[in-house]
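Chemist: got a predicted structure here, sequence first:
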Amino acid sequence: MSDNTKTGERSHDPRFPEKFLEFMRTGWGPSGLTDLVAVPQATRHAQRRDAVSQAFPGETLIIPTGAEKVRANDTFFRFRAGSDYAWLTGDYDPEGVLVLRPSSGGHDAVLYRHPRKSKDSDEFFRSAQYGELWVGRRYALDEMAALLGIECRDLAEFEAEVSKLQRDKARVLRGFDASVDRELEAEEAATDAEGNKQLTRDAELAAVLSELRLVKDEWEIAQLQDAIDITVRGFEDVARALPSDRSIRERLIEGIFGLRSRLEGNGIGYDSIVGAGSHGTTLHWITNDGATTPGELILMDMGVENKHLYTADVTRTIPVSGRFTPLQRQIYDLVHASQQAGMDAIKPGVDFAEIHQVCMRVLAEGLSGLGILPVSVDEAMDADSLVYRRWTLHGFGHMLGIDVHDCANARADNYRLGKLAENHVLTVEPGLYFQTDDELVPEELRGIGIRIEDDVRVTADGCENLSDGLPRTADDVEEWLATQRDKGPHIAGLE
């Protein structure tokens with residue numbers, strides 16, 4: 001390892017003379033933080049760690065957050081903490097590793113982090129990745145321990161600790177930190193008598209973590225509502241800047257929403273989909289290099305990630321001119337009816353898959369009414385057919401939380417093939433998409449893409465639409481758009 005690497009210098013950094021180094025090491029006053037108290041949610045993080053502990057008694061659990069990813073040369077992508085790690089600790093900085101060690105009371109939790117170096121070390125002015133003159137002040141280990149209510153140790157100690165572990169007594173959340181993955185060799189998946197692959201011990205840890213995250217606590221629901229409320233304001237910003245009589249670029253809309261996201265939240269929760277006209281028929285259109293056209297629709301799938309990493313996921317399809325054409329309204333009303341049917345079916349104990357079937361049947365019946373469906377509705381809905389999906393492709397929705405597609409490692413029986421429970425939060429987002437080159441639909445339908453997506457919480461006897469700050473019916477969308485335009489364009493943060 002070169003001297004440059006040790007000090008955090010880059011190849012193009014200057015070779016400082018010793019007199020400069022000596023000068024930089026002197027004249028700095030104290031900068032310690034005192035009277036720190038644990039953040040209010042620290043008790044919730046401790047409860048979550050206890051729940052994981054109970055699932056794996058007597059085993060060491062290792063949950064890393066990962067490191068910054070290189071974008072080019074010595075520049076990095078903005079870091080986003082690993083979801084499970086953040087859910088268990090409240091720490092959003094890179095390079096942390098949470099270790100739960102077996103103890104008489106269950107597990108002892110230790111958070112290993114890159115420590116703040118004092119001004120006695122040259123790191124504070126020489127390291128572009130860690131130095132406080134480059135990236136700002138970091139919390140010292142004792143400061144972070146006070147804030148998060150968890151013991152914190154130097155990350156350098158982790159390597160010595162992990163080398164002592166027995167592989168059959170430890171589980172690792174893999175895929176976040178290559179150095180951690182290398183320390184404990186990955187297992188190969190076993191197969192059962194029928195030849196089906198079984199979860200490895202590490203994959204079981206990932207699954208349990210996702211399953212524990214399925215039911216949101218009160219604090220998490222408040223975070224989701226915060227992210228959704230900011231998202232509503234972002235949609236209002238866009239509507240107020242969207243002209244009815246001329247074109248604007250999709251990337252302008254993306255940027256307007258991104259400004260609100262960055263101003264009030266952590267940023268966008270995922271790349272914004274801004275599909276003007278026929279671009280709305282591309283499910284994950286994130287190129288956003290088109291422009292609006294009066295008389296056409298614009299589909300916007302956008303969500304804010306709040307400061308605690310909880311994410312909204314909302315889609316609205318609106319008429320650029322301010323009014324739906326009769327045909328646009330007909331398709332919009334069909335999608336809305338599908339979404340409403342799905343929401344009406346949501347309650348604890350209902351199969352997740354049943355909500356999908358309810359939404360899709362409404363779409364299939366609508367396609368049949370349009371004369372598009374080549375078979376009966378029942379045949380189209382049959383698992384061996386599904387021809388209706390040519391015009392919808394995706395499912396009705398997904399779980400939502402600290403990830404936009406939350407709890408993705410949960411086992412099918414507890415999620416996709418499982419039942420809804422109170423305080424699950426999920427999206428309901430049916431859509432219809434008629435491609436410009438689809439010769440099986442009337443020409444007037446080609447290029448129309450419509451999706452309506454809302455974020456709902458499962459309640460004791462139904463569901464609550466957390467994103468009802470935005471309109472859903474065609475009439476309400478038109479009225480809302482007119483109201484926003486009357487207010488006139490503005491810059492987020494100056495209101």
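Modeler: Okay, I see it.
Chemist: for this structure, which helix is longest?
Modeler: For the chain, the helix with the greatest residue count under DSSP state H is helix 218-241.
Chemist: buried ones in it, by neighbour count?
Modeler: Residues of helix 218-241 classed as buried under the neighbour-count rule (16 or more other CB atoms under 10 Å) are 220-221, 223-241. In short, each C-beta sits where N, CA and C put it, glycine included.
Chemist: so what pLDDT did Ser2 get?
Modeler: As summarised for this prediction, Ser2 has a pLDDT of 37.
Chemist: returning to what we had before: next SSE after the longest helix of the chain?
Modeler: Using DSSP states H and E, the helix or strand that directly follows helix 218-241 along the chain is helix 250-264.
Chemist: immediately after that next one, which helix or strand?
Modeler: strand 267-268.
Chemist: now do that following strand: distance to the chain's middle.
Modeler: 10 Å (CA atoms, centre = their mean, to the nearest Å).
Chemist: do stretch 198-213 as well
Modeler: That offset, for stretch 198-213, works out to 19 Å (CA atoms, centre = their mean).
Chemist: got it, and stretch 226-242?
Modeler: Mean-position distance between stretch 226-242 and its chain equals 18 Å (CA atoms, centre = their mean).
Chemist: equivalent analysis for stretch 81-100, please.
Modeler: 15 Å.
Chemist: got the end-to-end distance for it?
Modeler: 18 Å (CA to CA, to the nearest Å).
Chemist: and Ala341, helix, strand or coil?
Modeler: With DSSP: H, G, I helix; E, B strand; the rest coil as the basis, Ala341 sits in helix.
Chemist: show me what contacts it?
Modeler: 358-359, 361-362 (CB atoms under 8 Å, 6 or more residues apart in numbering).
Chemist: and those residues, which are buried?
Modeler: By 16+ other CB under 10 Å, the contacts of Ala341 give 358-359, 361-362 as buried.
Chemist: out of these, who's nearest Leu299?
Modeler: Of all those, Leu299 sits closest to Cys359, with 17.5 Å by CB to CB.
Chemist: local confidence estimate at that closest one?
Modeler: With respect to pLDDT, Cys359 has a value of 98.
Chemist: now swap in Thr191 and tell me
Modeler: 75.
Chemist: the one 3 residues further on too?
Modeler: Among the per-residue scores, Glu194 holds a pLDDT of 71.
Chemist: please apply the same query to Glu9.
Modeler: The confidence metric pLDDT takes the value 62 at Glu9.
Chemist: thinking again about what came up before, got the angle between the longest helix of the chain and helix 250-264?
Modeler: On the basis of axes from the mean of the first three to the mean of the last three CA atoms, to 10 degrees, helix 218-241 is oriented at 140 degrees to helix 250-264.
Chemist: one step back: okay, the contacts of Ala341 in JSON lines with distance to Glu379 next?
Modeler: Listed next are the contacts of Ala341 as JSON lines, based on distance: CB to CB, whole Å:
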{"residue": "Val358", "distance to Glu379": "18"}
{"residue": "Cys359", "distance to Glu379": "18"}
{"residue": "Arg361", "distance to Glu379": "12"}
{"residue": "Val362", "distance to Glu379": "16"}
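Chemist: and which of those residues is nearest to Cys407?
Modeler: Nearest to Cys407 among these, with distances taken as CB to CB, is Cys359, at 20.1 Å.
Chemist: which residues are contacting the strand or helix carrying the closest one?
Modeler: Taking DSSP H and E as the definition, one finds Cys359 inside helix 352-369. Contact with helix 352-369 is made by 334-335, 337-339, 341-342, 345-346, 373, 376-377, 380-381, 388-389, 391-392, 395-397, 415-420, 428, 430, 432, as judged by CB under 8 Å, 6+ apart.
Chemist: ok, now with 6 Å
Modeler: Here helix 352-369 makes contact (CB atoms under 6 Å, 6 or more residues apart in numbering) with 334, 337-338, 341-342, 345, 373, 377, 380-381, 388, 392, 395-396, 418, 430.
Chemist: out of these, which are inside helices?
Modeler: Short answer: the contacts of helix 352-369 in helices (DSSP H) are 334, 337-338, 341-342, 345, 377, 380-381.
Chemist: skipping its backbone neighbours, what lies nearest Leu98 in space?
Modeler: Nearest non-adjacent residue to Leu98, counting by CB to CB, 6 or more residues apart in numbering: Ile63, 4.4 Å away.
Chemist: tell me the SS of that neighbour?
Modeler: Criterion first, three-state DSSP; result for Ile63: strand.
Chemist: what sits against it?
Modeler: By CB under 6 Å, 6+ apart, Ile63 lies in contact with 84-85, 98, 173.
Chemist: looking at those residues, which are in strands?
Modeler: Within those, residues falling in strands by DSSP state E are Leu98.
Chemist: pipe the contacts of Ile63 into a markdown table and attach pLDDT and distance to Gly488 per row.
Modeler: Converted to a markdown table, the contacts of Ile63 look like this (pLDDT from 0 to 100; distance: CB to CB, whole Å):
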| residue | pLDDT | distance to Gly488 |
| --- | --- | --- |
| Asp84 | 98 | 44 |
| Tyr85 | 98 | 44 |
| Leu98 | 97 | 49 |
| Leu173 | 97 | 49 |
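Chemist: looking at the contacts of Ile63, which one is closest to Phe158?
Modeler: Of all the contacts of Ile63, Phe158 sits closest to Leu98, with 10.3 Å by CB to CB.
Chemist: now do that closest one against Ala239, distance only.
Modeler: 42 Å (CB to CB, to the nearest Å).
Chemist: and the chain, split by domain according to the record?
Modeler: Structurally, the chain divides into domains by automatic domain parsing as follows: 3-17+35-212, 218-487.
Chemist: which stretch in the ones you listed is the model least sure about?
Modeler: Taking the mean pLDDT of the domains of the chain, domain 3-17+35-212 comes last: a mean of 89.
Chemist: what distance separates it from the centre of its chain?
Modeler: 19 Å.
Chemist: quick one: contacts for Leu21?
Modeler: Leu21 touches nothing, counting by CB under 6 Å, 6+ apart.
Chemist: ok, Leu147 next?
Modeler: Contacts of Leu147 (CB under 6 Å, 6+ apart): 36, 39.
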